[in-house]
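[1] Generate coordinates for the sequence data below:
(one chain, ligands or ions: 1)
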Amino acid sequence: MLQNKYLQEVYRTAEARNAGQPEFLQAVLEVLESLEPYVEKHPELQENCIMERLIEPERMVSFRVVWEDDKGQAHVNRGFRVQFNSAIGPYKGGLRFHPSVNESIMKFLGFEQIFKNSLTTLPIGGGKGGSDFDPHGKTDKEVMRFCQAFMTELYRHIGPETDVPAGDIGVGAREIGYLFGQYKRIANEFNGVLTGKGIPYGGSLGRKEATGYGILYFADEMFRCMKNDTLQGKIAVVSGSGNVALYAAEKATELGAKVIAMSDSQGYVVDENGINLDVMIQLKEVERARISEYVKRVPGSRYVEGCRGIWSVKCDVAFPCATQNELHLEDAQTLVKNGLQALVEGANMPCTADAVNYFLSQPVLFAPSKAANAGGVAVSALEMSQNAMHDSWTTEEVDARLKKIMVSAFHQAYDAARECGKEGNLVVGANVAAFIKVSQAMLAQGLN
Ligand code: NDP
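    Predicted coordinates:
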């Protein structure tokens, strides 16, 4: 509950202006609550309408995307790009292709991206985009035609020094390739306008693994610093089986944890011997098959329909890596009852607000997504640097930088929380640390 009159008014106006956008309002409220003590000490924020400006995108475009399927039937989807905040650098954030995409989801993701990008310490502002197009069940040719139609409109709004999109749910290497090809054709420029590109045409080594690995570097540092412990021997559950989940599971295994359950949007598998990641990567990344296929290839594993049941699997560390609001209060209570030691958010805002508050009230480590999953965008920014220099770095070099960035993101959040008198509350810490840098840049740049 907000106590500060100014912030109450900011939130009331946000509710009126963004009616019917629950995800966006959820993200805004969490940030305003975290920043309350800081805002009270800094009257210049109110004088300059910093909070009002922070929650209003600098620009948002929505456009029609018309494409043709393999049978010659035309289809219409809606495309978006939210350019939320460019105080500390060009807009940067992924593109999501999923039927659930709407203005609220675009704005919550773009808003969160401002803070995440600030925590990377790299010069990138916040943005996000996407479409309600569903790549599931489409042929490669159909996906290509959709991407070409989408980029034919988007290209006029982006650029390597203006706005640099990347992947997100439903947008992986294949989609980025088609999007980049179309951009190059229309703009007649080969540049770093997209990240997550293939290695042969300007992609960064280590980008594919970066979000998942980064989550584990953050978790590892959190265990060391806050529990004087490591992930060695911990039982882990990872929801999702997309880009983030697969590489989070891979690094968790490398760090000595045993991942015993993973999911997709239809159900989850439990493998008490530890998920066989070669099989899982082959199924989900290469064959784009359902996760239920896993049990046909790995004896002793079991499949359960429905995804939320995954939170009833007993574990020490849970990594929700699928989508927003996938973990509810009851799931949080079940996890804690089963002995959970840490919850590390891999997806963006995967826990509902009451689930987050419950975790924070328990003796459980809680890593918020805007800090823990910043590794993907961090390596995207490293890809931008390599493109700008017409250079490429080795996997080891990129990974070492990623690790340093994630350790720093943890300490920024941890130290800021302590300075606010909220030791151990990384939600408050991440929001405050990220906000200080963005708000100082906004103040320095005058009213705009
Ligand atoms: P992908 O499209 O690669 O994978 C998403 C996965 O989540 C799929 O396995 C999908 O299943 C599953 N899924 C979707 N909805 C549900 C659900 N309700 N319950 C369980 N599983 C579900 O996306 P990413 O891995 O790229 O993204 C995952 C999350 O991480 C998102 O929140 C994204 O915003 C965030 N993120 C991604 C980054 C990146 O670099 N890719 C960077 C930072 C954050 P199915 O296969 O059935 O569709």
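
[2] Find me whatever residue is spatially closest to Y358, sequence neighbours aside.
    A332 (4.7 Å; CB to CB, 6 or more residues apart in numbering). Bear in mind the C-beta positions are built from the backbone N, C-alpha and C, glycine included.

[3] Can you check the pLDDT for the most centrally placed residue in the chain?
    With distances taken as CA atoms, centre = their mean, N348 lies nearest the centre of the chain, 4.3 Å away. Listed pLDDT for N348 reads 97.

[4] Not counting its neighbours along the chain, what's nearest it?
    The nearest residue in space to N348 (CB to CB, 6+ apart) is S369, at 5.1 Å.

[5] How many neighbouring residues does the one you found have?
    24 (other CB atoms under 10 Å).

[6] Quick check: it touching V356?
    No. The criterion here is CB atoms under 8 Å, and S369 misses it with V356 at 10.2 Å.

[7] Could you tell me whether the residue nearest to Y358 really is in a strand?
    No. Counting by DSSP: H, G, I helix; E, B strand; the rest coil, A332 is not part of a strand but helix.

[8] residues contacting it?
    W311, L343, C351, A355, Y358, F359 (CB atoms under 8 Å, 6 or more residues apart in numbering).

[9] What about those, which are in strands?
    Mapping the contacts of A332 onto strands (DSSP state E) picks out L343.

[10] rewinding a little: which ones are touching the residue nearest to N348?
    Contacts of S369 (CB under 8 Å, 6+ apart): E112, K116, E345, G346, A347, N348, M349, P350.

[11] Check M144 too.
    Y178.

[12] Let me see the confidence value for it.
    98.

[13] Can you dump the C-alpha atoms of the helix or strand hosting it in PDB for me?
    Using DSSP states H and E, M144 sits in helix 140-154. Extracted in PDB, the C-alpha atoms of helix 140-154 (Å, rounded to 0.1, in the frame of the first residue of the first chain):
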ATOM      1  CA  ASP A 140       9.200 -21.900 -41.800                       C
ATOM      2  CA  LYS A 141       7.900 -20.200 -44.900                       C
ATOM      3  CA  GLU A 142       4.900 -18.800 -43.100                       C
ATOM      4  CA  VAL A 143       7.100 -17.600 -40.200                       C
ATOM      5  CA  MET A 144       9.400 -15.900 -42.800                       C
ATOM      6  CA  ARG A 145       6.500 -14.200 -44.600                       C
ATOM      7  CA  PHE A 146       5.100 -12.900 -41.200                       C
ATOM      8  CA  CYS A 147       8.600 -11.700 -40.100                       C
ATOM      9  CA  GLN A 148       9.000  -9.900 -43.400                       C
ATOM     10  CA  ALA A 149       5.600  -8.200 -43.200                       C
ATOM     11  CA  PHE A 150       6.300  -7.200 -39.500                       C
ATOM     12  CA  MET A 151       9.700  -5.700 -40.300                       C
ATOM     13  CA  THR A 152       8.400  -3.800 -43.300                       C
ATOM     14  CA  GLU A 153       6.600  -1.600 -40.900                       C
ATOM     15  CA  LEU A 154       9.000  -1.800 -37.900                       C
END
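
[14] Any chance you could list what contacts the one helix or strand V28 maps to?
    Per DSSP H and E: V28 is located in helix 22-41. Under the contact criterion CB under 8 Å, 6+ apart, helix 22-41 has outside partners 1-4, 6-7, 10-11, 14-15, 18, 45-46, 51, 55, 103-105, 107-108, 111-112, 115, 324-325, 349, 352-353, 356, 420-421, 427-428, 431-432, 435-436.

[15] For the residue nearest to the centre of the chain, give me phi and psi.
    Main-chain dihedrals, N348, degrees, to the nearest 10: phi -80, psi 120.

[16] which residues touch it?
    F108, L109, E112, Q324, S369, K370, N373.

[17] I'd say the first one and Q324 touch.
    If I follow you right, that is F108. Yes. Using CB under 8 Å, F108 is in contact with Q324, at 7.2 Å.

[18] what do those two both touch?
    By CB under 8 Å, 6+ apart, the residues touching both F108 and Q324 are E23, N348, M349.

[19] Check the residues you listed one by one and keep those near the ligand.
    Contacts with the ligand within those, counted by CB under 6 Å from any ligand atom: N348.

[20] From the shared contacts of F108 and Q324, pick the one nearest the ligand.
    N348 (4.1 Å; CB to the nearest ligand atom).

[21] The closest one and A318: what is the separation?
    For N348, the distance to A318 equals 16 Å [CB to CB, to the nearest Å].

[22] Residues touching the helix or strand harbouring G429, excluding its own?
    Using DSSP H and E, G429 sits within helix 426-444. Applying CB under 8 Å, 6+ apart, the external contacts of helix 426-444 come out as 30-31, 34-35, 38, 44-45, 48, 50, 53-54, 85, 87-88, 114-116, 118-119, 222, 356, 360, 366-368, 370-371, 409-410, 412-420, 422.

[23] Filter those down to the buried ones, ChimeraX style.
    The ChimeraX command for the buried members of the contacts of helix 426-444 (criterion: 16 or more other CB atoms under 10 Å) is given here:
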select :30,31,34,35,38,45,50,53,54,85,87,88,114,115,116,118,119,222,356,360,366,367,368,370,371,409,410,412,413,414,416,417,420,422
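
[24] Helices - which of the contacts of helix 426-444 land there?
    Among the contacts of helix 426-444, the ones falling in helices (DSSP state H) are 30-31, 34-35, 38, 44-45, 50, 53-54, 114-116, 118-119, 222, 356, 360, 370-371, 409-410, 412-419.

[25] Now do the domain split for the chain, please.
    5-54, 59-191, 209-372 (automatic domain parsing).

[26] Would you pull up how far the longest one lies from the middle of the chain?
    Relative to the centre of its chain, domain 209-372 is centred 15 Å away, using CA atoms, centre = their mean, to the nearest Å.

[27] what's the answer for the shortest one, then?
    For domain 5-54, the gap between its own C-alpha mean and the chain's C-alpha mean amounts to 22 Å (CA atoms, centre = their mean).

[28] average model confidence for that domain?
    98.

[29] Can you check the distance spanned by it, start to finish?
    17 Å (CA to CA, to the nearest Å).

[30] I figured A252 was touching M262, is that so?
    No. Using CB under 8 Å, A252 is not in contact with M262, being 10.9 Å away.

[31] where do the contact lists of the two overlap?
    Common neighbours of A252 and M262 (CB under 8 Å, 6+ apart) are V238.
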